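Asks: The amino acid sequence is not available; the structure is as follows:
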């Protein structure tokens, strides 16, 4: 009569299987724990990608963020900014002189020797990479004489037609200080310098227990092909617009309007499938310049849908452009499954697709405090106090959202 039950070999196999199952469960728990820990660490690191057309003031926003969060400028960076002050000064005057010649605006005969003197000075470095020729006292004397010419001031009223940098009045107002022995740029000087952003730069700073990474990429058309490399793990997009650009041309295209370019660019980014769940911060920047030019440069000739009876009204003017950008945001999502949704992107804008690689889904901010999913701020990036208030609101918002998401992990 046979004995019922399992053989020793089958018992061994069952025990081995149970042991393997236990090891597998423990391994899975360890992996899941590691994933949760990584997610929590990631939510303490907030990546903000800064986008916008050239001349919007993105790099100035980045510089003021460094100042606000005590990320110091090195001696080498200060030396670079010192050279940049002189380069901006010389380049701005060269552009303005070229514009006067183009428009047939005559200069006083007494100014012509100074023009000749300045024309011999290049704002480019010498063969050794030095800018020492820019620091000569003769540069100050020539620049002062040229800026004082009535004809040049007439040309300045039309500077928007040639994308002459708006920092020129600031530079001329401080020219005596710039040529003092041992001059080192102060914070205000640094914020007023202008340089074309090329490539990709990252700036890190800490707000309480969260680490922020602000990624700045060039905004001019030739630089936009590089944007694709920055889209991974983005928590929010900070789109910066030159609010005063409604009557200005692009540096790279004098036939293109700055604000129209920004609208096209904003629409193309909003409508792309990769960013349908991404939070947007919209900085309508250079509010100070917008308010300054509004009394003498009406909006209607450049945007025919702006009511003529509202000309000169600062509040109605800025609200007009705020609504234009938000109107695009309200159409967000229309392009799902249709590539770019029929949007015509400005030249140079990268055409993204699902094949580009989907970034990690971005944090969604509280929609009750956003307009059409976009957080709008009017800013003056060269004014540190103004930016401090704005950026406190932005960082607190991001931190609160991060804490909410961490609670769900």
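Replies: Structure received. Because the structure is a prediction, the values reported are computed rather than measured. Numbering: from 1, shown residues only.

Asks: got the domain boundaries for the chain?
Replies: Following automatic domain parsing, one finds the domains of the chain at 49-72+196-408, 75-192.

Asks: Please state the offset of the shortest one from the chain centre?
Replies: When you say that, I think you mean domain 75-192. 25 Å (Cα atoms, centre = their mean, to the nearest Å).

Asks: do stretch 266-279 as well
Replies: 16 Å.

Asks: Endpoints of it, how far apart?
Replies: 13 Å (Cα to Cα, to the nearest Å).

Asks: can you pull out the helices in this protein?
Replies: Along the chain, the stretches classed as helices by DSSP state H are 8-42, 58-68, 75-103, 112-119, 137-147, 150-156, 168-173, 175-178, 187-192, 258-271, 287-293, 314-330, 384-408.

Asks: which stretch in the domains of the chain has the least confidence?
Replies: Among the domains of the chain, domain 49-72+196-408 has the lowest mean pLDDT, at a mean of 76.

Asks: Can you give me the neighbour number for residue 154?
Replies: Residue 154 has 14 neighbours, counted by other Cβ atoms under 10 Å. C-betas here are computed from N, CA, C, even on glycine.

Asks: can you check the one 3 residues further on too?
Replies: When neighbours are counted by other Cβ under 10 Å, residue 157 registers 12.

Asks: now residue 308
Replies: If you count neighbours by other Cβ under 10 Å, residue 308 ends up with 10.

Asks: repeat for residue 204
Replies: By other Cβ under 10 Å, 12 other residues sit near residue 204.

Asks: And the helices of the chain: which comes nearest residue 376?
Replies: Among the helices of the chain, the nearest to residue 376 by Cβ to Cβ is helix 314-330 (5.9 Å).

Asks: Spatially nearest residue to residue 203 (excluding sequence neighbours)?
Replies: Closest residue to residue 203 apart from its sequence neighbours, by Cβ to Cβ, 6 or more residues apart in numbering: residue 214 at 4.7 Å.

Asks: which residue is nearest the middle of the protein?
Replies: The chain has residue 58 as the residue nearest its centroid, 2.8 Å off, counting by Cα atoms, centre = their mean.

Asks: Quick check: that residue touching residue 52?
Replies: Yes: here residue 58 reaches residue 52: they are 5.1 Å apart, a contact under Cβ atoms under 8 Å.

Asks: Pull the number of nearby residues for the residue nearest to residue 203.
Replies: 20.

Asks: what's across from it in the sheet?
Replies: residue 48, residue 203 (DSSP bridges).

Asks: contacting residues for residue 195?
Replies: By Cβ atoms under 8 Å, 6 or more residues apart in numbering, the contact list for residue 195 reads 59, 84.

Asks: separation between it and residue 83?
Replies: Going from residue 195 to residue 83 by Cβ to Cβ, to the nearest Å gives 10 Å.

Asks: in stretch 115-124, what's buried?
Replies: Using 16 or more other Cβ atoms under 10 Å as the test for burial, stretch 115-124 gives 115, 117-118, 121, 123.

Asks: for stretch 169-184, that is, sorry about that
Replies: In stretch 169-184, counting by 16+ other Cβ under 10 Å, buried: 170-172, 174-175, 178-179.

Asks: can you tell me which of these lies nearest to residue 300?
Replies: residue 170 (28.9 Å).

Asks: quick one: contacts for the closest one?
Replies: Residues near residue 170 by Cβ under 8 Å, 6+ apart: residue 192.

Asks: go again using 10 Å as the cut-off
Replies: 88-89, 188-189, 191-193, 382 (Cβ atoms under 10 Å, 6 or more residues apart in numbering).

Asks: how deep is residue 94 tucked in, by neighbour count?
Replies: 17.

Asks: same deal with residue 371?
Replies: 15.

Asks: Next: residue 253.
Replies: 17.

Asks: how close does it sit to residue 56?
Replies: Distance from residue 253 to residue 56, counting by Cβ to Cβ: 15 Å.

Asks: Over to residue 275?
Replies: In terms of Cβ to Cβ, residue 275 sits 18 Å off from residue 56.

Asks: Kindly report the same for residue 150.
Replies: In terms of Cβ to Cβ, residue 150 sits 32 Å off from residue 56.

Asks: Looking only at neighbour counts, state which of the two leads.
Replies: Ranked by neighbour count (other Cβ under 10 Å), residue 150 and residue 56 place residue 56 first, with 27 against 12.

Asks: Now do the contacts for the closest residue to that one other than its chain neighbours.
Replies: Leaving aside its chain neighbours, residue 56 sits nearest to residue 240 (4.3 Å; criterion: Cβ to Cβ, 6+ apart). With contacts defined as Cβ under 10 Å, 6+ apart, residue 240 is in contact with 50-53, 55-62, 216, 219, 262, 281-286, 379, 381.

Asks: For residue 240, which residues count as its bridge partners?
Replies: Assigned bridge partners for residue 240, using DSSP bridges, are residue 283.

Asks: Give me the distance between it and residue 282.
Replies: From residue 240 to residue 282 the distance is 8 Å (Cβ to Cβ).

Asks: Quick check: neighbours shared by these two?
Replies: 52, 379.

Asks: is it possible to export the buried residues of stretch 169-184 to TSV including distance to residue 199?
Replies: Below are the buried residues of stretch 169-184 laid out as TSV (distance: Cβ to Cβ, whole Å):
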residue	distance to residue 199
170	27
171	26
172	31
174	29
175	31
178	28
179	32
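
Asks: Tell me the spacing between residue 17 and residue 24.
Replies: For residue 17, the distance to residue 24 - Cβ to Cβ - is 10 Å.

Asks: can you check residue 203 too?
Replies: For residue 203 relative to residue 24 (Cβ to Cβ), the value is 44 Å.

Asks: Looking at those two, which one has more neighbours?
Replies: Per other Cβ under 10 Å, whichever of residue 203 and residue 24 has more neighbours is residue 203, with 17 against 10.
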